[in-house]
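Chemist: Have a look; sequence and predicted model below, questions after that.
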Amino acid sequence: MLLLEGRSCYLIQILPVFFILGSVELFYNRETRSILLPTCLFKNVSYITPAFLKKNGIKALVLDVDNTLTSHNSQQLAPEISAWLQAMHDAGIKLAIASNNTKKRVIPFAKAIGLDFVANSAKPLPYGFMRAQKLFGVAKNEMALVGDQIFTDVMGANLYGIKCLMVEPLAPEIKASIAFKRKLEKPIMAKYHKNGGAYISAKEKQ
Ligand SMILES: [Mg+2]
């Protein structure tokens, strides 16, 4: 298994603060608001089907970990998510992890499910997406990010120019910093729904 490792840097840990502040400005600017909006919102990853990916020309997925594949700091994988990963493999979808969390958290999780990874990926910066695209060997329009947060996952995917398949978080936030970001996300997602943004919460609708 090829291991991709992000660079550990304390500066990276505080970068999201600047991105959040900048994002507030982006949201209130009509010209740039779309950078904070996902391509599509799903109830959870299991609602992202091979049929949906084929229909949209997506051959590879960059996966967030915390509250996307499992709850924060958990190494456990729910049977439903495990089955989804197997379905993706069976459909020939290329998968890799890009997480802003540390190597200590990401390495055992990625090894357990047999996926290549980038830890400390500093989303919304493009580092993790660039490494994943090189690994996948696909064009930008053939890959998508799967993640649960606007100011890291959605913004990062849009800045890099790939589709963003946003999922609702698996569990309530336990970290105060993320709970705060969720409050900032609320008006953005309210706008998304008000404008008729796609929300897939039933597999048969695909
Ligand atoms: Mg997450």
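Modeler: Received it, and whenever you're ready, just let me know what you need.

Chemist: any idea how far the ion is from residue 196?
Modeler: 25 Å (C-beta to the ion, to the nearest Å). To be clear about C-beta, it is placed using only N, CA and C from the backbone, and glycine gets the same treatment.

Chemist: next one: residue 56
Modeler: Residue 56 is 22 Å from the ion, by C-beta to the ion.

Chemist: How about the residues of the chain by the ion?
Modeler: 64, 66, 67, 68, 148 (C-beta under 5 Å from the ion).

Chemist: go with 8 Å
Modeler: Selection of the chain residues close to the ion by C-beta under 8 Å from the ion yields 64-68, 99-100, 147-149, 152-153, 169.

Chemist: who does the helix or strand containing residue 158 touch, helix- and strand-wise?
Modeler: Using DSSP states H and E, residue 158 maps to helix 155-160. Under the contact criterion of 3 or more C-beta pairs under 8 Å, 6 or more residues apart in numbering; DSSP states H and E, helix 155-160 touches helix 127-136, strand 143-147, strand 163-167.

Chemist: Next, the residues that contact the second one from outside, please.
Modeler: Right, strand 143-147. Residues from elsewhere that reach strand 143-147 (C-beta atoms under 8 Å, 6 or more residues apart in numbering): 39, 45, 48, 53, 56, 58-64, 68, 98, 123, 129, 132-133, 136, 153-154, 156-157, 160, 162-167.

Chemist: mean confidence for that strand?
Modeler: For strand 143-147, mean pLDDT is 98.

Chemist: can you give me the angle it makes with strand 163-167?
Modeler: For strand 143-147 against strand 163-167, the angle by axes from the mean of the first three to the mean of the last three C-alpha atoms, to 10 degrees is 20 degrees.

Chemist: what are the pairing partners of strand 143-147, and which direction each?
Modeler: strand 60-63 (parallel), strand 163-167 (parallel) (DSSP bridges).

Chemist: Would you mind putting those into JSON lines with mean pLDDT, mean neighbour count and distance to residue 114 alongside?
Modeler: JSON lines is the format used below for the strands paired with strand 143-147 (pLDDT from 0 to 100; neighbours: other C-beta atoms under 10 Å; distance: least, C-beta to C-beta, whole Å):
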{"stretch": "strand 60-63", "mean pLDDT": "98", "mean neighbour count": "26", "distance to residue 114": "12"}
{"stretch": "strand 163-167", "mean pLDDT": "98", "mean neighbour count": "25", "distance to residue 114": "21"}
